[in-house]
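Student: structural data only, the sequence is not supplied:
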Ligand code: HEM
Ligand SMILES: [Ca+2]
Ligand SMILES: [Ca+2]
């Protein structure tokens, strides 16, 4: 139902306008492309790709931004507003905030060296937020079965789970999302055994026991700002940062192991799968036709 030509007559250069603003932002903040990709994920997994994550608190809205996976964690809202302003300047009232997130995600991956794809468009913006669902997003502490279930709940399969987890090839994570692996894993009194010992020592140094947990760490220790397949070779050497990353490879007998191996062995296979899984994720429950609205300010309903 979405279409790559949705804005062909109403806003033919929307992709270029979005890309330009993202590129500007990237020139002063290499991390921003990772942050923008993550915003699209956090949007699509809650009420579908409807721009719900962009809504601020108001009389009628309880914002998803305060949910645990988002608070003091998701970022890039100012850049989304800059994109919206640039798009409104050329095509007023035409392009949804939900589509802006999808376009910014594709531009971000491309600008970091990853694959390109034809973004499907035509989503409209929702008028509600769902903080409860936002709190139930996939968690870095979930076991593999739970992660698989949460993906299948939105129509995504194991290949989508592994391919999309490859987004952790760039960007940062705070100590509090993985420090449970470093000292007393699951009450064992020892670190997570599926963590390389040299990498463990580095992480312990960066995330001391009893620290405030907000220190940033590269999700991909090999190529932290490049979109490539090193995330998967890291998993093969027990250098995944989050428990939810390493589990894809280290859960014994798991169906995801062979998928990790195929992406680690051939970057073009990963790139193709990532692009098609991004389209799958972007198709989660969009509002189309006369449903929803085109927000004039991404932070609030019209
Ligand atoms: C499989 C389940 C997933 C879990 C449990 C998970 C969890 C996390 C966590 C805990 C962080 C660090 C946040 C922080 O420290 O503030 C993070 C960062 C990130 N995630 Fe995920 N994630 C998952 C899937 C995805 C997917 C599907 C994408 C996109 C397609 C994605 C893209 C990113 C990016 C790019 C970052 C870095 C953001 C930045 O530096 O601002 N993640 N993720
Ligand atoms: Ca949403
Ligand atoms: Ca990388």
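Tutor: Thanks, I have it. Quick caveat: nothing in here was measured; it's all calculated off a predicted structure. Ligands and ions are numbered 1, 2, ... in the order given.
Student: name all residues that make contact with the residue of the stretch 101-250 of the chain found nearest ligand 2.
Tutor: Nearest residue of the stretch 101-250 of the chain to ligand 2 (Cβ to the ion) works out as residue 126 at 6.5 Å. (C-beta placed from N, C-alpha, C; glycine too.) The contact partners of residue 126, taken as Cβ atoms under 8 Å, 6 or more residues apart in numbering, are 47-48, 50-52, 98, 287, 292.
Student: now those in JSON lines, with pLDDT, neighbour count and secondary structure?
Tutor: Formatted as JSON lines, those follow (pLDDT from 0 to 100; neighbours: other Cβ atoms under 10 Å; DSSP: H, G, I helix; E, B strand; the rest coil):
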{"residue": "47", "pLDDT": "98", "neighbour count": "20", "secondary structure": "coil"}
{"residue": "48", "pLDDT": "98", "neighbour count": "20", "secondary structure": "coil"}
{"residue": "50", "pLDDT": "98", "neighbour count": "29", "secondary structure": "coil"}
{"residue": "51", "pLDDT": "98", "neighbour count": "31", "secondary structure": "coil"}
{"residue": "52", "pLDDT": "98", "neighbour count": "26", "secondary structure": "helix"}
{"residue": "98", "pLDDT": "99", "neighbour count": "31", "secondary structure": "helix"}
{"residue": "287", "pLDDT": "98", "neighbour count": "21", "secondary structure": "strand"}
{"residue": "292", "pLDDT": "98", "neighbour count": "20", "secondary structure": "coil"}
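Student: near ligand 2, which of those show up?
Tutor: Restricting the contacts of residue 126 to those near ligand 2 by Cβ under 5 Å from the ion leaves 47, 50, 52.
Student: picking that back up, so how far is residue 189 from the residue of the stretch 101-250 of the chain closest to ligand 2?
Tutor: 46 Å (Cβ to Cβ, to the nearest Å).
Student: now do residue 51
Tutor: Using Cβ to Cβ, we find residue 51 at a distance of 45 Å from residue 189.
Student: so which bits of stretch 3-11 are buried?
Tutor: Residues of stretch 3-11 classed as buried: 6-7, 11 (neighbour count, 16 or more other Cβ atoms under 10 Å).
Student: pick the one among those residues closest to ligand 2.
Tutor: Using Cβ to the ion, the buried residues of stretch 3-11 come closest to ligand 2 at residue 6, 18.6 Å.
Student: shouldn't the closest one be in contact with residue 119?
Tutor: No: applying Cβ atoms under 8 Å, one finds residue 6 not in contact with residue 119, separated by 9.5 Å.
Student: between the two, which contacts overlap?
Tutor: Counting by Cβ under 8 Å, 6+ apart, the residues touching both residue 6 and residue 119 are residue 99.
Student: any idea whether the residue sitting furthest away from the middle of the chain is helix, strand or coil?
Tutor: Most distant from the centre of the chain: residue 189, at 32.0 Å, with distances by Cα atoms, centre = their mean. Three-state assignment for residue 189 (DSSP: H, G, I helix; E, B strand; the rest coil): coil.
Student: number of residues surrounding residue 302?
Tutor: Around residue 302 there are 10 other residues, counting by other Cβ atoms under 10 Å.
Student: so what's it up against?
Tutor: Residue 302 makes contacts with 293, 295-296, as judged by Cβ under 8 Å, 6+ apart.
Student: now pLDDT too, for the residues you listed, in a markdown table please.
Tutor: Listed next are the contacts of residue 302 as a markdown table, based on pLDDT from 0 to 100:
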| residue | pLDDT |
| --- | --- |
| 293 | 98 |
| 295 | 98 |
| 296 | 98 |
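Student: of the residues you listed, which is the most crowded?
Tutor: Going by other Cβ under 10 Å, residue 295 tops the contacts of residue 302 with 24 neighbours.
Student: name the nearest residue to it, sequence neighbours excluded.
Tutor: Once flanking residues are discounted, residue 295 sits nearest to residue 125: 4.4 Å by Cβ to Cβ, 6 or more residues apart in numbering.
Student: you'd agree the one you found is up against residue 93?
Tutor: No: counting by Cβ under 8 Å, residue 93 is not a contact partner of residue 125; they are 11.8 Å apart.
Student: flag every residue of the stretch 51-200 of the chain that's near ligand 1.
Tutor: Within the stretch 51-200 of the chain, the positions adjacent to ligand 1 are 73, 75, 138-140, 147, 164-165, 167-168, 171-174, 177 by Cβ under 6 Å from any ligand atom.
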